[in-house]
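> need a 3D model of the following:
(one chain, ligands or ions: 1)
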Amino acid sequence: MVAGMHLDQEDEQILAGEQGETRQKMLELLVALGKVFGAERLVPIKSAQVSGASYKTIGKYGLEWLSSLDAKAVVPAVLNPIGMPRGRWEEMGIDPDFAEKQQAVVAAYERLGIRLDCTCTPYYLYETRYGDHLAWSESSAVSYANSVLGARTNREGGPSALAAALVGKTPCYGLHLDKNRVPQMVIDVHADTAGWGIAEYGALGFHAGKLAGNRIPYFRGIRPEPDQLKAIGAAMAATGAVALYHVEGVTPEAQKIGYDLSGLDTVPVEQAEIASVFSEIPVDAVAVGCPHCSPAELAEIARLLTGKVVTKPLYVFAAQGVIEQNARVVDSIEKSGARVFADTCMVVSPAMEQYRSIMVNSGKALAYVPNMCGGQARIGTIADCIRVATEW
Ligand code: F3S
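Alright, predicted model coming up:
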């Protein structure tokens, strides 16, 4: 028992330094976190997803800290997107000095046993099941795991996700506990959603995140598919701090558990509020794949680009594993002049800072591009993105 937490024999050995200084420090970090949030125990995790991967965000001191660690991940652990596609950074116009530093960050994580998938969609590569406990840190991945898959993870910081990967456990508090997963507000969508795609659901998430803040919303009036759920959750995590949401009749916990919604704050969302998120500003580049594209999204992009040539830079982002598994589709997209890059994205790569305005089909990118890349952002449907990228 340490700080009110029950620890097993192995934990006690780790804390005594019997498995090395790094693992000792990592467990101390997890215990301290658990103490702050009132956790009574640690829970074993199935996987970790570690943010703090782009040199653009962690800088010199983050790299020094990573380089000082000496242990190996004991559960499958993947890295969040980094600042460049590892094998094609020159093609993306990345500065060689940045590339060298980014490679050093990647090498430091690799030495710690973190898999270099560099993606915010690890669920396309590693099986993640209902009820699994995880330590994931990228906000859209956290939302997807909790809401769409019914797995359980808090939104970890980079260090706590890394600590969980190296120890194989995380403190059991927050969204790991049933009592903290119940809806806290209702959002009633009054709109004709027939024909809605990823962009419309992303726009809904962009708007709904501001309404929800850090509450757990329960949606009524929508029937999104998995890629559309991905878009809602990513956007709500960007404009709000939503790490879990439910959709009536769609998401697993909303289907399995009969939530009592009486007495909850109920907020209507009208069609006009979704429409107001869309704009027509001129753009110099188009970027899709936030969160990283699914196989179905890649296929849709390839279909829309058939017989076309891009007249503006068109970036498509996906996990390397998804790109490899869909190589023919990716070839077909690149025939148009578009580029399909792994490992990075329109928000974390410094290469995107060269553009004054970027068109996206993602509510999350709409929220983050202005702050992280300095330019303006406009959201459009995937068909509109392809039209704008190929118009003369
Ligand atoms: Fe993923 Fe980058 Fe968007 S990490 S969710 S593609 S901002």
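> got the buried residues for stretch 62-72?
Applying a neighbour-count criterion of 16 or more other CB atoms under 10 Å, the buried positions in stretch 62-72 are G62, L63, L66, L69, A71. C-beta here means a position set from N, CA and C on the backbone, and glycine is covered the same way.
> which residue packs closest to the third one, ignoring adjacent ones?
Going back to what we said before, that points to L66. A108 (3.9 Å; CB to CB, 6 or more residues apart in numbering).
> on the pLDDT front, check the one you found for me.
At A108, the pLDDT value in this model is 97.
> and L30, by the same measure?
Confidence score, pLDDT, at L30: 97.
> check P76 too.
96.
> quick check: chain neighbours aside, which residue is closest to it?
S47 (4.6 Å).
> then L229?
V148 (4.8 Å).
> same check on Q102?
The shortest distance from Q102 to any non-neighbouring residue, by CB to CB, 6+ apart, is to Y55 (4.5 Å).
> can you check S349 too?
Nearest residue to S349, sequence neighbours excluded (CB to CB, 6+ apart): G83, at 5.2 Å.
> how many residues are close by the one you found?
By other CB atoms under 10 Å, the residues close to G83 number 28.
> quick one: residues contacting it.
S54, Y55, K56, I94, F98, Q102, T344, V348, S349, P350 (CB atoms under 8 Å, 6 or more residues apart in numbering).
> dihedrals phi and psi, it?
Dihedral pair for G83: phi -80, psi 0, per degrees, to the nearest 10.
> tell me the spacing between it and P224.
31 Å (CB to CB, to the nearest Å).
> likewise for S137?
24 Å.
> got it, and A243?
According to CB to CB, A243 and P224 sit 18 Å apart.
> repeat for G337
32 Å.
> looking at these two, which one has more neighbours?
P224 (24 against 16).
> skipping its backbone neighbours, what lies nearest that one in space?
Closest to P224 by CB to CB, 6+ apart is Y201, at 5.4 Å.
> quick one, what contacts the closest residue to the ligand within the stretch 151-300 of the chain?
Minimum separation of the stretch 151-300 of the chain from the ligand (CB to the nearest ligand atom) falls at C290, amounting to 3.3 Å. Contact analysis of C290 by CB under 8 Å, 6+ apart lists A234, F317, C345, M346, V347, V360, S362, K364, A365.
> looking at this, the third one is in a helix?
No. Going by DSSP: H, G, I helix; E, B strand; the rest coil, the assignment for C345 is coil, not a helix.
> tell me the contacts of it?
Residues in contact with C345 (CB under 8 Å, 6+ apart) are P81, C120, A287, G289, C290, H292, F317.
> the same query, at a cut-off of 7 Å, please.
P81, G289, C290, F317 (CB atoms under 7 Å, 6 or more residues apart in numbering).
> where does the residue nearest to L66 fall, phi/psi-wise?
The phi/psi pair for A108 (degrees, to the nearest 10) is phi -60, psi -40.
> distance of it relative to Q320?
On the measure of CB to CB, A108 and Q320 end up 19 Å apart.
> now R378
28 Å.
> repeat that for V74.
V74 is 23 Å from Q320, by CB to CB.
> helices of the stretch 51-200 of the chain, start to end?
55-67, 96-111, 139-143, 158-167, 198-212 (DSSP state H, counting those that start in this stretch).
> need those helices in JSON lines (columns: distance to the ligand).
Listed next are these as JSON lines, based on distance: least, CB to the nearest ligand atom, whole Å:
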{"stretch": "helix 55-67", "distance to the ligand": "11"}
{"stretch": "helix 96-111", "distance to the ligand": "15"}
{"stretch": "helix 139-143", "distance to the ligand": "4"}
{"stretch": "helix 158-167", "distance to the ligand": "13"}
{"stretch": "helix 198-212", "distance to the ligand": "11"}
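> quick check: S137 touching S51?
Yes. Under the criterion of CB atoms under 7 Å, S137 makes contact with S51 at 4.0 Å.
> what do the two both touch?
N80, G158, A161.
> what about the second one, how many neighbours?
By the criterion of other CB under 10 Å, G158 has 20 neighbours.
> contacts only, for the closest residue to it other than its chain neighbours.
The spatially closest residue to G158, leaving aside those adjacent along the chain, is G52, at 2.7 Å (CB to CB, 6+ apart). Residues near G52 by CB under 7 Å, 6+ apart: I58, G62, G158.
> next: Q19.
Neighbours of Q19 in contact, by CB under 7 Å, 6+ apart: Q13.
> now do it, the pLDDT please.
Reported pLDDT for Q19: 96.
> quick check, it in a helix?
No. Secondary structure of Q19 (three-state DSSP): coil, not part of a helix.
> give me the distance between the residue most central in space within the chain and D70.
The C-alpha lying nearest the average C-alpha coordinate of the chain belongs to S140 (CA atoms, centre = their mean; 3.2 Å). Counting by CB to CB, the gap from S140 to D70 is 31 Å.
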